[in-house]
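Q: give me a 3D structure for the following:
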Amino acid sequence: MLNWWAVLVGAFFNIVFGFLWYGPIFGRAWRSVTKRQADPDLSPGLTAYIVVILGAVVSAVVLATVISFLRVYTWWSGMMWGAALSFGFAGTAILTHGTFEGLRLRLSVLYIGYMVIAYAAQGALFAVWR
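A: Presented below is the predicted three-dimensional model:
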């Protein structure tokens, strides 16, 4: 059985961490690699934020379900499973698509780094908050 409070907190964490990762932490590097400038006309619309929220909730539900199914109970194991699943599925997909789409490796590393850290933290949360 899922702890829906943990899922909501995990989804919220994912959104806030993404804001920080692509803002104050690595925003300058991300804008440099993607050639995006801080132009108000390029700001995402409401649809983008809805997609971000839905994606964060869906991924939190899936990760919490997997952590529960695997009967992971320690923060360390949860963190390792979150990181491994994130890199194993999303990280390798980003590297594959990025290679064929001509993305710079630096951009792929930024994307993967965000996901691995976010899902490692969520995995730890879901393992201990049942």
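Q: list the buried residues for the strand or helix carrying Gly113?
A: Here Gly113, judged by DSSP states H and E, is contained in helix 105-128. Residues of helix 105-128 classed as buried by neighbour count (16 or more other C-beta atoms under 10 Å): 107-112, 114-128. (C-beta placed from N, C-alpha, C; glycine too.)
Q: and the spatially closest residue to Ile112 that is not a sequence neighbour, what does it touch?
A: Leaving out its chain neighbours, the residue that sits closest to Ile112 by C-beta to C-beta, 6 or more residues apart in numbering is Gly91, at 4.3 Å. Neighbouring residues of Gly91 by C-beta atoms under 8 Å, 6 or more residues apart in numbering: Ile112, Met115, Val116.
Q: ok, the first one - contacts?
A: If I follow you right, that is Ile112. So Ile112 contacts Phe87, Ala90, Gly91, Ile94, Leu95 (C-beta under 8 Å, 6+ apart).
Q: all helices for this protein, in order.
A: 4-20, 27-34, 46-69, 75-85, 92-101, 105-128 (DSSP state H).
Q: just give me the lowest mean pLDDT stretch among those helices.
A: With a mean of 89, helix 27-34 has the lowest mean pLDDT of the helices of the chain.
Q: helices or strands next to that one in the packing?
A: Judged by 3 or more C-beta pairs under 8 Å, 6 or more residues apart in numbering; DSSP states H and E, the packing partners of helix 27-34 are helix 105-128.
Q: so the helix it packs on versus helix 46-69, what angle?
A: Orientation check (axes from the mean of the first three to the mean of the last three C-alpha atoms, to 10 degrees): helix 105-128 against helix 46-69 gives 50 degrees.
Q: once you drop chain neighbours, what's closest to the residue nearest in space to the middle of the chain?
A: The C-alpha lying nearest the average C-alpha coordinate of the chain belongs to Met115 (C-alpha atoms, centre = their mean; 3.5 Å). With sequence-adjacent residues excluded and distances taken as C-beta to C-beta, 6+ apart, Met115 is closest to Ser86, at 4.7 Å.
Q: perfect, that will be all.
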